[in-house]
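Novice: pasting the structure only:
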């Protein structure tokens with residue numbers, strides 16, 4: 001049995017903020033997240049033994065690589081610690097967590113800083129869409145294609161329609177729920193977009209087409225953001241809990257994880273899943289792996305889910321891949337209100353990526369921070385009642401890299 005990995009907390013920047021307009025660069029983003037994360041947790045920078053940075057494409061958006069080298073610039077007390085940067089498209093944040101957690105499990109270090117970061121509002125939407133295309137097979141799926149990822153995830157919806165049938169009204173309801181949830185989250189990008197709980201997404205700018213079957217309402221946000229998270233061994237967590245007046249058992253930890261990689265091209269994924277009940281079987285397997293390692297029988301062993309709704313089609317996929325319904329019957333969970341904030345199993349109480357924001361390299365870390373806050377009862381206005389275990393699902397590319405986790409006390 002692997003050594004436990006504890007989550008001590010961290011800090012999320014305001015995802016509504018445009019850092020370039022405010023005169024800030026990616027280093028400023030990173031610094032705020034780390035400095036405020038240290039303050040929020042009461043951890044001293046000199047206690048940090050290793051740092052892992054999750055980032056997708058700073059070289060493209062910011063002309064900056066080698067992000068781990070900025071730890072010593074952020075706080076001189078971290079000069080000399082080993083650092084690394086991990087890239088797995090939109091799953092970069094979770095992969096950085098996986099690497100940090102593995103080092104703690106191996107006994108190399110007792111306290112790791114994980115930092116997910118992306119500054120995306122440095123370029124126009126068309127250029128940004130082209131940059132995001134490098135998360136697919138660029139030459140074959142994105143080169144010369146306007147907004148390639150909405151097209152790819154539109155095709156995920158097309159595949160559902162082909163196999164099972166799919167109604168746009170169910171996708172629209174998913175968007176409505178995420179925008180509504182975001183209003184409760186003081187760090188969510190869209191928290192001030194709507195004046196009340198009811199949003200009309202059936203007409204106006206939110207109903208404008210983007211690509212294929214997807215409309216503006218179906219798409220996650222272009223976001224600047226950074227999230228810090230501190231992972232600890234049992235020995236450090238025990239000491240930390242004592243000095244914070246807590247019991248070790250109160251601290252959240254990573255109970256289970258799954259990490260799978262599918263073929264790069266979306267066509268290859270579809271061909272591979274031809275005779276499988278699940279459209280993205282590797283995503284399904286990552287989820288099952290996380291449940292098995294966490295010792296829970298199925299999705300009903302958790303009280304909430306933070307999933308990767310880069311588009312409404314990816315959340316629709318997640319509903320049946322988590323096992324909330326039979327394959328192709330995710331619409332039932334939507335119609336019956338199961339996934340709503342007060343429902344049987346809320347999805348994206350934070351607002352997710354559509355409502356909360358999607359700074360690509362930070363999303364997986366943000367999901368884990370939110371999950372830990374839920375378990376600790378610190379999620380504020382979007383606290384899920386009775387949350388003891390929260391599942392997360394972070395996806396890179398068109399379902400290429402999947403990391404699933406169960407976080408609980």
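Specialist: Structure's in. What do you need? Just so you know, these numbers come straight off a predicted model, no measurement behind them. Numbering: from 1, shown residues only.
Novice: Tell me how far the spatially closest residue to residue 3 that is not a sequence neighbour lies from residue 257.
Specialist: Nearest non-adjacent residue to residue 3, counting by C-beta to C-beta, 6 or more residues apart in numbering: residue 105, 4.8 Å away. C-beta here means a position set from N, CA and C on the backbone, and glycine is covered the same way. To residue 257, residue 105 is 11 Å away according to C-beta to C-beta, to the nearest Å.
Novice: So between the two, which is more surrounded?
Specialist: Neighbours per residue (other C-beta atoms under 10 Å) separate residue 105 from residue 257, with residue 257 holding more: 23 against 14.
Novice: I'd guess that one is in a helix, am I close?
Specialist: No - using DSSP: H, G, I helix; E, B strand; the rest coil, the assignment for residue 257 is strand, not a helix.
Novice: gap between residue 256 and residue 78?
Specialist: Distance from residue 256 to residue 78, by C-beta to C-beta: 30 Å.
Novice: what do you get for residue 162?
Specialist: Residue 162 is 51 Å from residue 78, by C-beta to C-beta.
Novice: So between these two, which is more surrounded?
Specialist: Remark: of residue 162 and residue 78, residue 78 carries more neighbours, 22 against 12, as counted by other C-beta under 10 Å.
Novice: Nearest residue to that one in space, please, no chain neighbours.
Specialist: Using C-beta to C-beta, 6+ apart, the nearest residue to residue 78 is residue 71, at 4.5 Å.
Novice: and the one you found, what is it in contact with?
Specialist: Neighbouring residues of residue 71 by C-beta atoms under 8 Å, 6 or more residues apart in numbering: 34, 51, 78-79, 81, 83, 113.
Novice: Can you flag the buried ones in the residues you listed?
Specialist: The neighbour-count criterion (16 or more other C-beta atoms under 10 Å) marks 34, 51, 78, 81, 83, 113 among the contacts of residue 71 as buried.
Novice: Ramachandran angles for the last one?
Specialist: Same thing as residue 113. Here is the backbone geometry of residue 113 (degrees, to the nearest 10): phi -100, psi 130.
Novice: how much space between it and residue 11?
Specialist: Per C-beta to C-beta, residue 113 is found 11 Å from residue 11.
Novice: try the fifth one
Specialist: Using C-beta to C-beta, one obtains 18 Å as the distance from residue 83 to residue 11.
Novice: ditto for the fourth one
Specialist: Distance, residue 81 to residue 11, using C-beta to C-beta: 19 Å.
Novice: same thing with the first one?
Specialist: Going from residue 34 to residue 11 by C-beta to C-beta gives 8 Å.
Novice: what is in contact with these two at once?
Specialist: Listed as contacting both residue 34 and residue 11 by C-beta under 8 Å, 6+ apart are residue 228.
Novice: residue ranges with poor pLDDT in this protein?
Specialist: 1, 196-198 (pLDDT under 70).
Novice: quick one: the strands in it?
Specialist: For the chain, the strands defined by DSSP state E cover 6-12, 50-54, 83-86, 111-118, 209-211, 214-215, 225-232, 253-261, 304-306, 389-396, 401-408.
Novice: My guess is residue 49 contacts residue 112. True?
Specialist: Yes - the pair residue 49 / residue 112 is scored as a contact, 6.8 Å apart, by C-beta atoms under 8 Å.
Novice: For burial, what's the neighbour tally of residue 361?
Specialist: Look at residue 361: counted by other C-beta under 10 Å, it has 33 neighbours.
Novice: now it: how far from residue 395?
Specialist: Noted for residue 361: a distance of 13 Å to residue 395, by C-beta to C-beta.
Novice: before we move on, back to that, of residue 49 and residue 112, who's got more company?
Specialist: Legend: neighbour count by other C-beta under 10 Å for residue 49 and residue 112, higher for residue 112 (28 against 19).
Novice: How much space separates that one from residue 3?
Specialist: 13 Å.
Novice: joint contacts of the two?
Specialist: With C-beta under 8 Å, 6+ apart as the test, residue 112 and residue 3 both reach residue 104.
Novice: quick one: contacts of stretch 268-286?
Specialist: With contact meaning C-beta under 8 Å, 6+ apart, stretch 268-286 is reached by 156, 159-160, 163, 258-263, 317-318, 320-321, 327, 393, 395, 398-400, 402-404.
Novice: Let's have the buried ones among the contacts of residue 71 in a markdown table, adding distance to residue 292.
Specialist: Below are the buried ones among the contacts of residue 71 laid out as a markdown table (distance: C-beta to C-beta, whole Å):
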| residue | distance to residue 292 |
| --- | --- |
| 34 | 34 |
| 51 | 30 |
| 78 | 36 |
| 81 | 34 |
| 83 | 32 |
| 113 | 29 |
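Novice: Looking at those residues, which one is closest to residue 209?
Specialist: Taking C-beta to C-beta as the measure, residue 209 lies nearest residue 34 of the buried ones among the contacts of residue 71, at 40.2 Å.
Novice: give me phi/psi at the residue nearest to residue 381 when sequence neighbours are not counted?
Specialist: Leaving aside its chain neighbours, residue 381 sits nearest to residue 184 (4.0 Å; criterion: C-beta to C-beta, 6+ apart). Phi and psi for residue 184, reported as degrees, to the nearest 10, are phi -90, psi -10.
Novice: what about residue 184, how many residues close to it?
Specialist: Using other C-beta under 10 Å, residue 184 has 19 neighbouring residues.
Novice: Please name the residues that touch it.
Specialist: Applying C-beta under 8 Å, 6+ apart, the residues near residue 184 are 191, 341, 349, 351, 380-382.
Novice: Buried only: go through those for me.
Specialist: Buried among the contacts of residue 184 (16+ other C-beta under 10 Å): 191, 341, 349, 351, 382.
Novice: OK, contacts around the second one?
Specialist: I take that to be residue 341. Applying C-beta under 8 Å, 6+ apart, the residues near residue 341 are 177, 180-181, 184, 349, 382, 384.
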